[in-house]
Structures are given as C-alpha cells and as structure tokens.
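1. Predicted model, plus sequence, below.
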Amino acid sequence: MIILGAPGAGKGTQAKVLCEKLDIPQISTGAIFRANISEGTDLGKLAQGYIDRGEFVPDEITDSLVKDRLHQEDTRDGFLLDGYPRTLAQVGALDEILLEQGHTLDIVIELVTEREALVERLLKRAEIEGRADDTEDVIRRRMEVYLEQTKPLSRVYEQRGILVEIDGLGTIEEVQERIREAVQGR
Ligand code: ADP
C-alpha cells in the first residue's frame, strides 16, 4: 500500500495507526532520513541540506534507500509506504523494485485536505515537535514542491484503478475509519 497526501495532511499519523492494526511495517522515507540525520550517518549528512530547504532528496538516494528497505524480511506479507513515491520518476523506480521482488500494489490511499488547514497544522506541529523543516518559509516551499511534483502521482494511480481518495478532515479516528473501510473493500 501507499499513502499519499500533502505535507500536514496527516499521512504519518494515519499510516502509523493503520500499520499497527494490520501488523505491517510503516516505511516512512521522511522518518528514515530524520533518524539518519540525528545519528549523523553519511546518508543523514547527504539528506540534511535538502530537507532543511524543503527540497526533495535526489531520487537516486531515496530510491536505493527504499530498495534496501523493501529487501528486508518483514515486508514479505505487506507494507505501507508513507512519503514515497513523491515524484513520477520514483513511481517508475518503485515499479521496478516491486516487479523484481514479486510485490504488487493493492491500494493507494490519498488523503485529501484543504490547503489552509494544512499550513495551520504544520505550524502547530512546529511548536510541538520542533522539526527543522517546519518553519513557515520551508513549509511554503514544501507545499509548492508537493503541488508541482507529487500531486500528479494521484492521476497515475487513478488510471491504474487503485487510487482511493479519503477526506482528511475530521478527528484522527474518523479519518482512520474511512481508511479502514476503503482498505477492507479491496
Ligand atoms: P511531510 O510529509 O510532512 O512533508 P516527511 O516526513 O514525509 O514530511 O518528509 C520530510 C522531508 O524528507 C521532505 O520534505 C523531503 O525533503 C525528504 N523526503 C522524504 N521522502 C522523500 C522522497 N520520497 N523523495 C525525496 N525526498 C523525500
């Protein structure tokens, strides 16, 4: 499964709850990058500048990270990608990885939310979590990059017949319930 949505749409939160219920790994590229940054690894050093500016980490880096992660044993019975793919090129890279590993995509969940609610949520998260990429300028940049590069992905998966749009407005539980209904219908 894949979960798509704008920055602040609640992807990470919903992904976590869903993965716990389904007992499958949540593969969040953003979280993997942040862990590497705080551990000071080479990958972290490579990624940090891009993330701090609200830009995407280059595809080659992200693609190989996902490829390695999907090689791990715990993904055998399913997994949820959260924050990947984010570009059309990553869609192609993912197709190859999945083909090679004998996986197929069952469902792509898109969390749909209004722009205004998003910026508000992200600014609030900035206060709580203190993420370096949650300042107002960087948030604005991440929104632009999302609209330019990631939003087009929903069409691709819609054309493949596996996209489900979920209204992201409501409590965490309400949104989770919508997602669960959609997943069960597959
Ligand atoms: P959010 O969903 O709140 O925008 P994430 O935690 O998913 O944030 O990602 C944070 C940052 O990590 C992104 O702004 C980007 O710089 C980097 N990143 C995460 N996933 C990818 C990806 N698939 N491709 C390129 N960069 C990525």
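-> Noted; the coordinates are in hand.

2. these two touch, right, residue 1 and residue 79?
-> Yes: contact criterion CB atoms under 8 Å: residue 1 and residue 79 qualify, at 7.4 Å. Placement of C-beta: from N, CA and C, glycine included.

3. Touching both of those two, which residues are there?
-> Common contacts of residue 1 and residue 79 (CB atoms under 8 Å, 6 or more residues apart in numbering): residue 24.

4. quick one, what contacts the spatially closest residue to residue 28 that is not a sequence neighbour?
-> Nearest residue to residue 28, sequence neighbours excluded (CB to CB, 6 or more residues apart in numbering): residue 82, at 4.2 Å. By CB under 8 Å, 6+ apart, the contact list for residue 82 reads 3, 11-12, 15, 26-31.

5. Give me the contact list for the worst-scoring helix or strand of the chain on mean pLDDT.
-> Sorting the helices and strands of the chain by mean pLDDT, DSSP states H and E puts helix 115-129 at the bottom, at a mean of 84. Residues from elsewhere that reach helix 115-129 (CB under 8 Å, 6+ apart): 6-10, 131, 134-136, 139-140, 143, 169.

6. Establish whether that helix and the ligand are in contact.
-> No: judged by CB under 6 Å from any ligand atom, helix 115-129 makes no contact with the ligand; its nearest approach is 7.2 Å.

7. what's the most distant pair in the contacts of helix 115-129?
-> Greatest spacing in these, by CB to CB: 135 and 169 (24.8 Å).

8. List the residues that contact the closest residue to the ligand within the chain.
-> Using CB to the nearest ligand atom, residue 30 is the residue of the chain that sits closest to the ligand, at 2.1 Å. Residue 30 sits next to 12, 82-83 when contact means CB under 8 Å, 6+ apart.

9. And residue 18, by the same measure?
-> 3, 26, 80, 176, 179-180, 183.

10. what helix or strand is it on?
-> Element membership of residue 18, judged by DSSP states H and E, is helix 11-22.
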